[in-house]
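1. here are the coordinates; sequence isn't available:
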């Protein structure tokens, strides 16, 4: 039996940040992780560059309870994140509000968090998979792990992440622990990934990147619209505009609704303006707008060039599925936030139990918002534990 004042389950973004903040205050902390090393998913974020926050921050950048998110952002905003990273020794490089470590490497963030945790006396236990959590009397939590290893603590922090990206550690175990302790966990969907679609055209179009707007519908009701670079892959559509809408599509399909998309090839033109352009320039005008691989696909749908503008403003995509949890960057859904104290991240069902980051029913759009939420929940939790325990 091994005892620590505080145990953190999960050595990802929120777990490492919480460990660092508690450790520098001299707290007795042990971080458990089933992987052989810390921060596997963190090291891969932002295509390995780690977009760790965004100055253009608002609750509207998140799915979930907007009031809850607003209170968290009031307690820890982008300026706080930049200052905190500066304390770690990480200089910030910024582009259009997107903030990255100056090195351009997510590994920098992971390595400095691990290093500072170790320097402050944090104990790591890797290849340690928690199997069962028991809340005993006198505010003691007991963690039974594989191999017959048992830990006890007064404060238990679950920073396990969600189900996204299994190869990097996402297994949804945190949801199981929370359910076993009476918490309500909403249905979990893949977030920030592509959408599979009907049709044979995608294979011949695969690899194309195009500017446009995607509108998403469920049973003909508009769910949302996003503009930017759309990527065509062999079995559907991808790219940031699609990622932003993925959660909505997954949720609608789970409810049995028919999901369709509409691609607008030229958002800056009205349909009549596009029609006039094609009328004036003919086939050259079409070649001047779309990748040449699109031309036979578009003209199969509408051979009359005078009516092609309708197709190009509302190219129908019949969505069949998302790319799944294995390719998702984040899990959408999680522990119901009405069961978490927004001022402390403590469970409202169990004193001394704290739930961080992706485990909660909050997920952000692309742009550093999910990592910011992980840091924010870690900061709020650690501040409470430092103040409460003295």
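-> Thanks, I have the structure now. In this text, all values refer to a predicted model and were calculated from it rather than measured experimentally. Residues are numbered from 1 along each chain as shown.
2. residue 93 and residue 108 touch, don't they?
-> No. The criterion here is CB atoms under 8 Å, and residue 93 misses it with residue 108 at 11.2 Å. C-beta: built from backbone N, CA, C; applies to glycine.
3. gap between residue 342 and residue 364?
-> As judged by CB to CB, to the nearest Å, residue 342 and residue 364 stand 16 Å apart.
4. these two: who's more crowded?
-> The residue with more neighbours, out of residue 342 and residue 364, is residue 364; 26 against 19, by other CB atoms under 10 Å.
5. picking that back up, overlap in contacts of residue 93 and residue 108?
-> Common contact partners of residue 93 and residue 108 (CB atoms under 8 Å, 6 or more residues apart in numbering): residue 101.
6. more neighbours: which of the two?
-> Taking other CB under 10 Å, residue 93 and residue 108 do not tie; residue 108 has more neighbours (21 against 13).
7. next, that one: secondary structure please.
-> Three-state call for residue 108 (DSSP: H, G, I helix; E, B strand; the rest coil): helix.
8. for residue 216, which three-state class applies?
-> The three-state assignment at residue 216 reads strand, by three-state DSSP.
9. need the contact list for it.
-> Contacts of residue 216 by CB under 8 Å, 6+ apart are 222, 223, 224, 225, 245, 248, 249, 259, 260, 261, 319.
10. neighbour-wise, give me the winner out of those.
-> Counting neighbours by other CB under 10 Å, residue 249 leads the contacts of residue 216 with 27 neighbours.
11. please, which helix or strand holds that one?
-> Using DSSP states H and E, the element containing residue 249 is helix 240-254.
12. that helix packs against which elements?
-> strand 189-191, strand 195-197, strand 209-218, strand 221-233, strand 259-264, strand 315-322, strand 330-332 (3 or more CB pairs under 8 Å, 6 or more residues apart in numbering; DSSP states H and E).
13. what does the fifth one rub up against?
-> The contact list for strand 259-264, computed with CB under 8 Å, 6+ apart, reads 195, 197, 212-218, 220, 230, 237, 249, 252-253, 312-319.
14. could you do the first one as well?
-> Among residues not part of strand 189-191, those counted as contacts by CB under 8 Å, 6+ apart are 63, 164, 243, 246-247, 250-251, 254, 322-325, 327-333, 363.
15. and the pLDDT for the residue sitting nearest the centre point of the chain?
-> For the chain, residue 330 is the residue whose C-alpha lies nearest the centre (CA atoms, centre = their mean; 3.4 Å). For residue 330, the model assigns a pLDDT of 95.
16. low-scoring stretches of the stretch 251-390 of the chain, by residue?
-> 389-390 (pLDDT under 70).
17. where do the helices sit along it?
-> 271-281, 283-287, 294-301, 308-313, 369-389 (DSSP state H, counting those that start in this stretch).
18. who does residue 130 bridge with?
-> Residue 130 has the following beta-bridge partners by DSSP bridges: residue 145.
19. got a list of what it touches?
-> By CB under 8 Å, 6+ apart, the residues touching residue 130 are 9, 32, 34, 143, 144, 145, 173, 177.
20. the third one: what secondary structure?
-> Under three-state DSSP, the three-state class of residue 34 is coil.
21. count of residues packed around the nearest residue to it once chain neighbours are set aside?
-> In this structure, residue 34 finds its nearest non-sequential neighbour in residue 129, 4.0 Å apart by CB to CB, 6 or more residues apart in numbering. By other CB under 10 Å, 15 other residues sit near residue 129.
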